[in-house]
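Trainee: 3D, please:
(chains A and B)
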Amino acid sequence: MTAMGAEHDRRELLIATIAGLLDGVRHVAVGASSPIPAAGAMLLRARNEAAGKPPVRVSILGSEQHNFFTNGSVELFDCAAQGRVDAFFLGGGQIDGHGNINLVGTGDYPKTDVRWPGSFGSAYLYHLVPRVILFREEHSPRVFVPKVDFISAAAHTPEVARRGGPHALLTNMAVFDFDKARGRFRLRSVHPPYAATDIRAKTGFDYEEPNTVPFTAHPDAATLALMRGRILDELAESYPTFARSMAEAA
Amino acid sequence: MTDIIALEALAARIAPGQSLAIPVTGVSMAATCALIESGMTGLKLVCVPVSGLQADLLIGAGSVGAIETSAVTLGEAGGAPRFAAGVRGGAFALSDSTCPAILAGLLAAQKGVPFMPIAGIVGSDLLRVRPDWKVIDSPVGEPGQVVVVPAIAPDVALFHAPEADRAGNVRIGRRRELAGMAYAAKRTLVTVERIVARNLLETEDSAAGVLPSLYVDAVAVAEHGSWPLPLQGEYDGDDAEVARYAAMARTEEGFRAYLSAFLTRRRQVA
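Mentor: Just a heads-up that it's a prediction; the model follows:
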């Protein structure tokens, strides 16, 4: 298989996995610059529609067609505070084994060695959105660290009541569930061709692991047909470059 | 009354050292260029709630003394190079925030109260680096902790919109955060694509989505005033231009070369 083909297959697996992680939500919001999460949310919406399941609202920030907000940038945050956002995606320059994320930089604040854009809405949304999916494609020990250098958003804060927090972590190599009671990740599945030992070698924090770790399921024919048709059409408005590259590699 | 003035005159109403609220959509790149050409220094940027090319250009040009923001990013084009270099070099005072905290600070100013409570944030290191944010025991309702953030009342709010009428009423559509900026700021300056002859407040339909002239101190016409950034309902962003900036601004010399050509091109676009 060509490198472009392998990249295309990997993205399809990630998109299908995201749709699975979102199963059951009524409203999922997707932040800026997130084509794969957006595609996963659109796939869930299309799949539910086809199966006669309850409809899914998808809010893509920055989109005109897939965004029903009319009250400016505060509306997403108010909506989350009202319990009307069931799922959201966060990434991180660093993510640690307790689910804390760092979007600010590495080294000593404020003159960080590496500076990333900033915390965005993470410090707030992590508390308020029940199913936060951590999505970071690069799976390496520099991303998955024992302890983040700066906590943009904390996963576990027993001192305050909260409904939100991490639900799962999805990378280029694997899917982890987040065990809220223990405050740790648990390996759920690995993407072919990787093995559980590869994940251990590339992850800088400790996590739970079942005795046998299954492969992440490859999307079925019906899912692939939806992804390659309707989903790419819907994506093209907000992510034209991404949609084009997916269409060309198919 | 709202003054309808030239772009340079509008930019001249912003003084060195003032705090300046800038949005993420409806960005007045035209006024940004005019500010840089005037040799502006010491601005205290308040990004509502994040910024990109606008903040990075102002930082690179030496116009910024302080910045309060939830993020500075060029989006698909990558990180903001002059912002990152400035952070490393301590070129400006940095107040890291989170999007809803900036919106809450503006809301406090809008309502004339000293602070606003806000959900979440507990456990974040932002509380450590923002000593002006406090965690209090809620004085009402269920017992529990809540974060409060101080009011943000910028000296000036600056944005770009599709159109204004002759009285200075400005159509902002669904970008309600632009109204929020104007309510909170002491003065508001707006650039627009065009001035229309009709009264924007005349009908229910036209008045919805309009910021009344009460909040608008001055308006200047600047066609393609957001270029190379998008203006919703009017034109798309010029992504190739932003990508070119991202590549050139990685070095100080590259930034200087870009800025010089950009200011020239901006004058031609207008």
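Trainee: Whichever residue of the stretch 151-270 of chain B sits closest to chain A: how many residues sit nearby?
Mentor: Closest contact between the stretch 151-270 of chain B and chain A, by C-beta to the nearest C-beta, is at residue B:176 (3.1 Å). Every C-beta, even on glycine, is put in place using the N, C-alpha and C of the backbone. Burial measure for residue B:176: 18 neighbouring residues, criterion other C-beta atoms under 10 Å in any protein chain shown.
Trainee: could you list every residue that touches it?
Mentor: Residue B:176 makes contact with A:70, A:71, A:72, A:74, A:75, according to C-beta atoms under 8 Å, 6 or more residues apart in numbering or on different chains.
Trainee: again, 10 Å this time
Mentor: A:69, A:70, A:71, A:72, A:73, A:74, A:75, B:209, B:211 (C-beta atoms under 10 Å, 6 or more residues apart in numbering or on different chains).
Trainee: Show the buried residues in the residues you listed.
Mentor: When the contacts of residue B:176 are checked for burial by 16 or more other C-beta atoms under 10 Å in any protein chain shown, the buried set is A:69, A:72, A:73, A:74, A:75, B:209, B:211.
Trainee: Residue A:16 versus the residue of the stretch 151-270 of chain B closest to chain A, what's the distance?
Mentor: Residue B:176 sits at a distance of 36 Å from residue A:16 (criterion: C-beta to C-beta, to the nearest Å).
Trainee: next one: residue B:213
Mentor: When distance is defined by C-beta to C-beta, residue B:213 is 52 Å away from residue A:16.
Trainee: Return the subset of the contacts of residue B:176 lying in strands.
Mentor: Counting by DSSP state E, the part of the contacts of residue B:176 found in strands is residue B:211.
Trainee: Out of the contacts of residue B:176, which is nearest to residue B:5?
Mentor: residue B:211 (17.6 Å; C-beta to C-beta).
Trainee: Specify the beta-bridge partners of that closest one.
Mentor: The partner list for residue B:211 in beta bridges (DSSP bridges) reads residue B:170.
Trainee: tell me the contacts of it?
Mentor: Taking C-beta under 10 Å, 6+ apart, we find residue B:211 in contact with B:159, B:161, B:164, B:168-172, B:175-176, B:178-183, B:188, B:190, B:200.
Trainee: Pretty sure residue B:172 sits against residue B:207.
Mentor: No - Residue B:172 lies out of contact with residue B:207 (C-beta atoms under 10 Å); the separation is 11.9 Å.
Trainee: Who has more neighbours out of those two?
Mentor: Each of residue B:172 and residue B:207 has its neighbours counted (other C-beta under 10 Å); residue B:172 has more, 25 against 14.
Trainee: Count the residues that sit near the closest residue to that one other than its chain neighbours.
Mentor: What sits nearest to residue B:172 in space, not counting adjacent residues and going by C-beta to C-beta, 6 or more residues apart in numbering or on different chains, is residue B:178, at 4.5 Å. By other C-beta under 10 Å, 27 other residues sit near residue B:178.
Trainee: next one: the one 3 residues further on
Mentor: Burial measure for residue B:181: 31 neighbouring residues, criterion other C-beta under 10 Å.
Trainee: give me every residue that touches it.
Mentor: A:72, B:21-23, B:26, B:46, B:48, B:103, B:106, B:109-110, B:152, B:154, B:156-159, B:172, B:175, B:188, B:211, B:215.
Trainee: would you say residue B:259 is within a helix?
Mentor: Yes - when DSSP: H, G, I helix; E, B strand; the rest coil is applied, residue B:259 is found to be in a helix.
Trainee: ok, the residue in the stretch 1-150 of chain B that chain A sits nearest to - how many residues close by?
Mentor: As assessed by C-beta to the nearest C-beta, chain A sits closest to residue B:123 within the stretch 1-150 of chain B, at 2.8 Å. Using other C-beta under 10 Å, residue B:123 has 21 other residues around it.
Trainee: same check, this time on residue A:147
Mentor: 13.
Trainee: now the one 5 residues further on
Mentor: A count of nearby residues for residue A:152, using other C-beta under 10 Å, gives 29.
Trainee: What ranges does chain A have for its helices?
Mentor: Counting by DSSP state H, chain A has helices at residues A:3-21, A:35-51, A:74-81, A:122-128, A:196-202, A:221-226, A:232-235, A:240-249.
Trainee: one step back: the residue nearest to residue B:172 and residue B:159 touch, don't they?
Mentor: Yes - between residue B:178 and residue B:159 there is a contact under C-beta under 10 Å: 5.1 Å.
Trainee: Identify the residues contacting the residue of the stretch 1-150 of chain B closest to chain A.
Mentor: Contacts for residue B:123 (C-beta under 10 Å, 6+ apart) come out as A:100, A:123, A:126-127, A:151, A:153-160, A:162.
Trainee: Look through chain A and report the residue furthest from the middle.
Mentor: The C-alpha centroid of chain A is most remote from residue A:111, which lies 28.8 Å away (C-alpha atoms, centre = their mean).
Trainee: Name the spans of the stretch 1-150 of chain B whose pLDDT lies under the cut-off.
Mentor: Within the stretch 1-150 of chain B, no stretch has pLDDT under 70.
Trainee: Could you say which helix or strand holds the residue nearest to residue B:172?
Mentor: When secondary structure is defined by DSSP states H and E, residue B:178 falls within helix B:176-184.
Trainee: show me the contacts for residue B:99.
Mentor: Counting by C-beta under 10 Å, 6+ apart, residue B:99 makes contact with A:73-74, A:76-77, A:118-125, B:24, B:47-50, B:69-71.
Trainee: how about the helices in the stretch 1-150 of chain B?
Mentor: Ranges of helices within the stretch 1-150 of chain B are B:7-11, B:29-37, B:53-60, B:81-89, B:99-111, B:126-129, based on DSSP state H, counting those that start in this stretch.
Trainee: can those go into CSV with extra columns for distance to residue A:217?
Mentor: Below are the helices of the stretch 1-150 of chain B laid out as CSV (distance: least, C-beta to C-beta, whole Å):
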stretch, distance to residue A:217
helix B:7-11, 57
helix B:29-37, 47
helix B:53-60, 41
helix B:81-89, 39
helix B:99-111, 35
helix B:126-129, 38
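Trainee: gap between residue A:136 and residue A:89?
Mentor: Look at residue A:136 and residue A:89: by C-beta to C-beta, they are 10 Å apart.
Trainee: now swap in residue A:164 and tell me
Mentor: 13 Å.
Trainee: check contacts around residue A:246.
Mentor: For residue A:246, the contact set (C-beta under 10 Å, 6+ apart) comprises A:7-8, A:11-12, A:15, A:35-36, A:39, A:227-228, A:231-232, A:235-236, A:239.
Trainee: How about residue A:40, nearest residue that isn't a chain neighbour?
Mentor: residue A:18 (2.6 Å).
Trainee: Identify the residues contacting that neighbour.
Mentor: Here residue A:18 is in contact with A:28, A:30, A:36-44, A:87, A:89, A:133, A:135, A:168, A:170, A:175 (criterion: C-beta under 10 Å, 6+ apart).
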